[in-house]
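Visitor: need a structure here:
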Amino acid sequence: MSCLKKSLRQVHRLSNGLFACQRKGYSEEKPKKPSFGSFGNLRLEPEFTGNMPDDEKTQFTAINKLLNFIEADFSLSSMRNYARHMINLEEIKSQTLDDDTKNRLGVDLAAAQMVLQVGGRVQFAGVDRWIERKGNSSSLPNYRVPDLRLQVVDFTNTKIIYEGLKSLEGTSIKMLILKNCENIDDFCLSRLYLFSDTLEFLDISGCSLVTDNGLGALYKLKNLKYVRMNDLPNAGNKSSVANLLLNENPNLVVLSEDLHLDEYISESSPKEQDRSVSEDLSAPDSSKQPQRQTQTHSEKS
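Guide: Alright, predicted model coming up:
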């Protein structure tokens, strides 16, 4: 079949890489019959590629589409790989934030909504409770909240990928939990320098794709205080990497046992709770925003 396809592409092939084909008539008049030894009304088109526009104006376009379909691999493994590819595309789309969402909600709130969408949970500065998705409803407001700072993100047992981590860029995150995340690899760890100014706690336990190379990239996190890297089957020299990290960051503590997250959050959180932020998060309904503005206007009058 591939030989037939190649022969069809080389019909009337010219020296400059183009081939000539019969133009398809579009008028009601019958096209004139070409004389012997001529090609009639010629149309020059480039050799067919995957990016060729499907204008359906030539017979060669339709023939190549048919041959591509016939030559496609419809085996079980190929179909499985195709389905996995489409799922990955959907995950990338769902974990990528556009500029309109960031401008409308703010970077911290837009990132928090993405975390909840993939099955994670968050905490904000000044709010002493976990916020997570319950069913199909989100417990976050759908409007911009002033002075809202994302502080803790927990992606435990989720399918977070690099695009989701990149969506956290611009936030003031201090604690990042990636426990048992099957898609976190060395490349993801190498890009955590995006949070080097604020990140203080990192948990990558149970990330089976992480190797010693990914652990070595954590030296870029100069403000990191605690790191937990238990149960990493592909990291065989954790002790050597830990010594390297300690040489680069003497204040770093490599945890071998679980640290109570509530204790760490209470120590790193502001002592005084922001009342306005807490009220906005406790009333996630977007319809309450204009009511709050109306009340303020009546008080001023």
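Visitor: Shouldn't residue 90 be within a helix?
Guide: Yes: counting by DSSP: H, G, I helix; E, B strand; the rest coil, residue 90 is located in a helix.
Visitor: which stretches of this structure form helices?
Guide: Taking DSSP state H as the criterion, the chain contains helices spanning 2-9, 59-71, 76-94, 99-105, 107-117, 162-166, 186-190, 212-216, 238-248, 261-268, 275-282, 288-300.
Visitor: quick one: low-confidence parts of the protein?
Guide: For the chain, the stretches with pLDDT under 70 are 1-72, 256-301.
Visitor: domains of it?
Guide: 2-27+35-71, 86-270 (automatic domain parsing).
Visitor: what's the neighbour count on residue 84?
Guide: By other CB atoms under 10 Å, 10 other residues sit near residue 84. The C-beta positions use only the backbone N, C-alpha and C, and glycine is treated the same way.
Visitor: Run a quick neighbour tally on the closest residue to residue 236 other than its chain neighbours.
Guide: Of all residues not flanking residue 236 in the chain, residue 212 sits nearest, at 6.7 Å (CB to CB, 6 or more residues apart in numbering). Residues near residue 212, counting by other CB under 10 Å, number 16.
Visitor: Contacts only, for residue 212.
Guide: 235-238, 240-241 (CB atoms under 8 Å, 6 or more residues apart in numbering).
Visitor: That one and residue 190, how far apart?
Guide: According to CB to CB, to the nearest Å, residue 212 stands 13 Å off from residue 190.
Visitor: How about residue 142?
Guide: 34 Å.
Visitor: for residue 206, same thing?
Guide: Counting by CB to CB - residue 206 and residue 190 are separated by 19 Å.
Visitor: And these two? Which one has more around it.
Guide: Shown here are residue 206 and residue 190; by other CB under 10 Å, residue 206 has more neighbours (20 against 15).
Visitor: what's the closest non-adjacent residue to that one?
Guide: Of all residues not flanking residue 206 in the chain, residue 180 sits nearest, at 3.8 Å (CB to CB, 6+ apart).
Visitor: Was I right to think the one you found contacts residue 209?
Guide: No: between residue 180 and residue 209 there is no contact under CB atoms under 8 Å: 11.6 Å.
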